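Quick one, what's the 3D model for this:
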Amino acid sequence: MAETLQVLDTEYSADSVEWCPHEGYQDVLLCGTYQLDQSNDAQEDSSAPQTRLGKLQTYRLKQEEETQSLEHVQTTDMPGILDIKWCPSLIDSQSLFGLVNSIGQLQIYQLNEDCKSDFVTSTELGGDDCKFKGWDCRQDTSSPIFVSKRHSMGVCSIQCHPFKENVLSTGSYDENLFIWDTRNMRSPIAETNLGGGVWRIKWDSQKSDYIITATMYNGFHVIDASEFSDGKLSVVCHYDKQESIGYGADICYKHSVDSERHDTKMGDNSTINFNRTIATCSFYNHVLHLWNFSTSEKSQNKENKD
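Got it, this is the predicted structure:
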């Protein structure tokens, strides 16, 4: 079941949302935006390349009794933001994140105690060959160890399993979500068609049975991947309330799992409820949604799987 908690206007078109994974800051959400400069100066000089403007929006999740909402902390103007990623672990006890922008820079920022961001460094980068490749860093990296053409269109997203080092997922404009075992890359071990380009993939970092996707023109999906090793993927939630192309999706680390056991008369068939706080963003209508996804399972069945 999905419940919308809050809807925010991001001003510019939103394409990336990322929750901080670090203890003490797991209620911090970043939202990246991107928009063509429509000012009079930009329109008058038709020969000049188009300028892409961006804003980095920082929010904190507030919990008031049973209600959750986002509180704005900071807005930072910069070139158009294409993607944001947190460093998965602390560096010298600091929370760092990187973003890539429309002028070809990778910029690194540090999160301060007041949840505001300070610029650290940047570098120039580039490249787009529309192929899914893999390298083994223990070997000569001059050539990849595999080049997969299983997707029929461009690969948009690659996401590793949070606990199983040999498992990763890929999404593509061909609307397919694939799960791979890197020990045998000839074909995926599980797949499903989601009816829209799979632009973003996020595994639930605390209970890895679930995947959330930003599925472009078909909203957002929560997929039950608990039996992916048997080739099974099933959609358990389709969130389609944003009414524009979906690019960003992430699951809050701090509040993504809230388990409560309810004993039944049989004792060993108790129900476990799982609640996830999710942020998603859509592009053309520049909207950020905060919503909740909840489901329940029989604990006996789950324990038998484990």
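
which residues in the stretch 1-150 of the chain form strands?
2-9, 13-19, 28-36, 52-64, 67-79, 81-86, 95-101, 105-111, 117-124, 132-134, 146-148 (DSSP state E, counting those that start in this stretch).

Now tabulate those strands in TSV and tack on mean neighbour count.
In short, each C-beta sits where N, CA and C put it, glycine included. Below are the strands of the stretch 1-150 of the chain laid out as TSV (neighbours: other CB atoms under 10 Å):
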stretch	mean neighbour count
strand 2-9	14
strand 13-19	26
strand 28-36	24
strand 52-64	18
strand 67-79	14
strand 81-86	20
strand 95-101	21
strand 105-111	17
strand 117-124	12
strand 132-134	15
strand 146-148	15
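
Compare those strands and report which one is nearest to residue 206.
Evaluated over those, closeness to residue 206 peaks at strand 13-19, with 11.6 Å, by CB to CB.

Show me what the closest one is packed up against.
The helices and strands touching strand 13-19, judged by 3 or more CB pairs under 8 Å, 6 or more residues apart in numbering; DSSP states H and E, are strand 28-36, strand 81-86, strand 246-251, strand 271-282, strand 287-298.

go with 6 Å
For strand 13-19, the elements it packs on are strand 28-36, strand 81-86, strand 246-251, strand 271-282, judged by 3 or more CB pairs under 6 Å, 6 or more residues apart in numbering; DSSP states H and E.

and it, how far from the chain's centre?
Distance of strand 13-19 from the chain centroid (CA atoms, centre = their mean, to the nearest Å) equals 8 Å.

Run me through the strand neighbours of it, direction for each.
The strands beside strand 13-19 in its sheet (DSSP bridges) come out as strand 28-36 (antiparallel).

how big is the angle separating the strand it pairs with from strand 246-251?
With axes from the mean of the first three to the mean of the last three CA atoms, to 10 degrees applied, the angle from strand 28-36 to strand 246-251 works out at 170 degrees.

What lies in contact with strand 28-36?
With CB atoms under 6 Å, 6 or more residues apart in numbering as the contact definition, strand 28-36 has outside contacts at 10, 12-20, 50, 53-55, 57-60, 80-81, 84, 115, 279, 288.
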